[in-house]
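Colleague: Take a look and give me a structure for this.
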Amino acid sequence: MGPDRLFADTNLFLRYLTNDLPEQADAVEHLLLLATQGEIVLVTNSLVMAEIVWTLDSYYRLARSDIREKIHAILHTPGLEVVDGHLLEAAVDDYVERNVDFVDAYNVAWAQAQGIRLACTFDRKHFSRFENIEVCVPGQWKPTTPSRP
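Modeller: Predicted coordinates:
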């Protein structure tokens, strides 16, 4: 049957990464140890990771490079499954290297994984920092294939 699978919410990671509530950080450390030993499997997703980035940036005011380091550590934690982890890894790298919002970076990584090469958005500033996706602004863009009568 296998080990229990538990959803890991944002606050678990934040307590552990910041140690601002040591008792809770210790409890999370114990969970991570159980996961590392294969006794449980922790599972999380891209929304949790986005919330972590946003909180570390806006509330804790960490440097983007420090946030990337923490996200990479989470993504490579034994016993933790992160849905779309490869996309999140690319997104956090672009968040730092291209100086774009994390969610925009994730959306570009996701679109590329889907084979999408056009981003329909009014946010030219961030999306134009990616060479591999073209920005189409509603009202200013025309399809390459003519519409059918």
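
Colleague: Quick check: phi and psi on the closest residue to residue 122 other than its chain neighbours?
Modeller: Computed as CB to CB, 6 or more residues apart in numbering, the closest residue to residue 122 that is not its neighbour in sequence is residue 137, at 6.2 Å. Bear in mind the C-beta positions are built from the backbone N, C-alpha and C, glycine included. Geometry field for residue 137 lists phi and psi as phi -100, psi 130, criterion degrees, to the nearest 10.

Colleague: What is the burial count for residue 137?
Modeller: Burial of residue 137, expressed as a neighbour count using other CB atoms under 10 Å, amounts to 13.

Colleague: Relative to residue 106, how far out is it?
Modeller: Here the distance between residue 137 and residue 106 works out to 21 Å (CB to CB, to the nearest Å).

Colleague: which outside residues touch the longest helix anywhere in the chain?
Modeller: When the chain is scanned for its longest helix (criterion: DSSP state H), the result is helix 22-36. Counting by CB atoms under 8 Å, 6 or more residues apart in numbering, the neighbours of helix 22-36 from elsewhere in the structure are 6, 8, 12-13, 15-16, 18-19, 40-42, 77-80.

Colleague: again, but for stretch 104-111
Modeller: Applying CB under 8 Å, 6+ apart, the external contacts of stretch 104-111 come out as 46, 50, 84, 87-88, 90-92, 94-95, 98, 117, 119, 123, 126-127, 130, 132-133.

Colleague: now with 6 Å?
Modeller: Stretch 104-111 is contacted by residues 87, 90, 91, 94, 95, 126, 130, 133 when judged by CB atoms under 6 Å, 6 or more residues apart in numbering.

Colleague: How is the second one assigned, secondary-structure-wise?
Modeller: Local secondary structure at residue 90 is given as helix here, using DSSP: H, G, I helix; E, B strand; the rest coil.
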